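A.B. asks: structure of the sequence below:
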Amino acid sequence: MARLLQLFTAHQADFFQNSAFPDKTATTGHFGTVFEDSGDPFAAWDGRMPPTYNNGNITLILHWASLTVTSGNCRWDAAFERLDEDGQSLLSSGFAADQPVTSAASSTANALVYSSIAFSNAQADGVQAGESFRIRITRDTTDAADTMVGDAFLLNIGVLEA
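C.D. replies: Down below sits the predicted model:
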């Protein structure tokens, strides 16, 4: 059974300097990150792998909803950046290759969709137990698979050890 390693929310998102950053917003008391349907918006979250992480496969679970439509597909890309001791400079980005998932919008307006993205440890930039890391989430609006018109509302991200 999968074990939860981290949970990231919109409050923790880092939009650093980019021209296509998403917005933080609240909808009926739920605080999330809104990814528009153009410009490939992205955000990042900083974390630290627990010392109990076995350095194995990781699954990200994105909990998201469409704010305006009940059809179409949303294409998400996710990438890890390992921030090991004496490793990656904090003044530059060193994300591993994006891992994609395409998920259909819920047929119920504003209802959550759970999208899973699997990573081997190598695909997760080789992050080890006890190390710091970043996760970057992008809505890949320029990919032909992203057919959802309107904003995607990202509620949270679960990081699970598979």
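A.B. asks: tell me which helix or strand in the protein has the weakest average pLDDT.
C.D. replies: The weakest-scoring helix or strand in the chain, judged by mean pLDDT, DSSP states H and E, is strand 23-27 (a mean of 62).
A.B. asks: same question for the helix or strand just after it, mean pLDDT?
C.D. replies: Going down the chain from strand 23-27, the next helix or strand is strand 30-35, by DSSP states H and E. For strand 30-35, the mean pLDDT works out to 86.
A.B. asks: kindly report the same for stretch 75-86.
C.D. replies: pLDDT averaged over stretch 75-86 gives 94.
A.B. asks: how about this protein, which residue sits the furthest from its center?
C.D. replies: What lies farthest from the middle of the chain is residue 86; by C-alpha atoms, centre = their mean that is 25.7 Å.
A.B. asks: from residue 131, how far out is that residue?
C.D. replies: Distance of residue 86 to residue 131, given as C-beta to C-beta, to the nearest Å: 11 Å. The way it works is simple: take the backbone N, C-alpha and C, and place the C-beta from them, glycine included.
A.B. asks: and the residue nearest the centre of the chain?
C.D. replies: residue 137 (3.6 Å).
A.B. asks: tell me the bridge partners for the nearest residue to that residue once chain neighbours are set aside.
C.D. replies: Closest residue in space to residue 137, ignoring its immediate chain neighbours: residue 78 at 5.5 Å, by C-beta to C-beta, 6 or more residues apart in numbering. Beta-bridge pairing for residue 78 (DSSP bridges): residue 99, residue 137.
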